[in-house]
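**Student:** just a sequence and a predicted model for now, questions to come.
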Amino acid sequence: MEPLEARVTVDVAPERAFELFTVGMGKWWPREFSWSGDRLEEIGIEACEGGFAYERGPHGFTLHWGRVLTCEVPQRIVFTWQIAADRTPQPDPDRASEVEVVFTGSTDDGTDVALEHRGWERHGEGAREYRDAFEAAGAWPQALESFAAAAR
């Protein structure tokens with residue numbers, strides 16, 4: 001199954017872009033993309049191999065929705081997407097797709113950010129519909145637009 005790709009250029013150095021994308025995710029991640037919605041207290045990605053992609057909601061509700069597979073600060077991070085096609089947590093990493101984000105410095109002190117979400121077939125039954133719905137909603141382009149706005 002073909003991956004989804006999205007790109008954006010931000011006017012900050014790669015180190016800052018990487019930090020904002022991971023530990024600073026709460027400044028830009030669309031709340032409607034979380035389980036906690038408007039009650040989201042914190043969301044982020046621990047920038048180390050084995051680190052969690054997580055969210056915290058009301059009363060300490062914590063959900064791990066991914067795990068960092070590769071972390072090369074500030075150039076690249078790869079993490080599992082452990083959210084099933086029905087939008088429930090998927091605890092089995094073998095049934096998760098993965099997201100790779102590459103941060104490349106440009107000549108004008110900005111950073112090109114390229115995201116690839118791949119391995120959709122690992123979600124099993126309904127994977128094609130899941131992938132296509134994600135694409136139709138413009139989920140990654142919308143998230144990266146929010147990311148770019150936070151980097152200003």
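**Tutor:** Perfect, I can see it now.

**Student:** residue closest to the middle of this structure?
**Tutor:** Per C-alpha atoms, centre = their mean, the C-alpha nearest to the average position across the chain is that of Val99, at 6.6 Å.

**Student:** buried residues in the lengthiest helix in the chain?
**Tutor:** Longest helix in the chain by number of residues, with DSSP state H as the criterion: helix 139-151. Applying a neighbour-count criterion of 16 or more other C-beta atoms under 10 Å, one finds Ala139, Trp140, Pro141, Ala143, Leu144, Ser146, Phe147, Ala148, Ala150, Ala151 buried in helix 139-151. In this view, the C-beta of every residue, glycine as well, is placed from N, C-alpha and C.

**Student:** nearest to Glu15, of the residues you listed?
**Tutor:** Proximity of those to Glu15 was ranked by C-beta to C-beta; the top entry is Ala151 with 12.1 Å.

**Student:** how about the contacts made by the closest one?
**Tutor:** With contact set as C-beta atoms under 8 Å, 6 or more residues apart in numbering, Ala151 has these partners: Val10, Asp11, Val12, Arg16, Ala17, Leu20, Trp28.

**Student:** closest to Ile83 out of the residues you listed?
**Tutor:** The nearest one, if we look at the contacts of Ala151 relative to Ile83 and count by C-beta to C-beta, is Trp28, at 18.3 Å.

**Student:** quick check, pLDDT for the closest one.
**Tutor:** At Trp28 the predicted local confidence, pLDDT, stands at 98.

**Student:** separation between it and Thr70?
**Tutor:** Taking C-beta to C-beta, to the nearest Å as the criterion, Trp28 is separated from Thr70 by 22 Å.

**Student:** quick one: which of the two has more around it?
**Tutor:** Trp28 (18 against 11; other C-beta atoms under 10 Å).

**Student:** now for that one: which residues touch it?
**Tutor:** Contact criterion C-beta under 8 Å, 6+ apart gives Leu20, Ala143, Ser146, Phe147, Ala149, Ala150, Ala151 as the residues in contact with Trp28.

**Student:** in the chain, which spans are helices?
**Tutor:** Counting by DSSP H, one finds helices in the chain at the ranges 14-21, 127-136, 139-151.

**Student:** contacts for the second one, please.
**Tutor:** Translated: helix 127-136. The contact list for helix 127-136 (C-beta under 8 Å, 6+ apart) reads Met1, Leu4, Ala85, His117, Trp120, Glu121, His123, Trp140.
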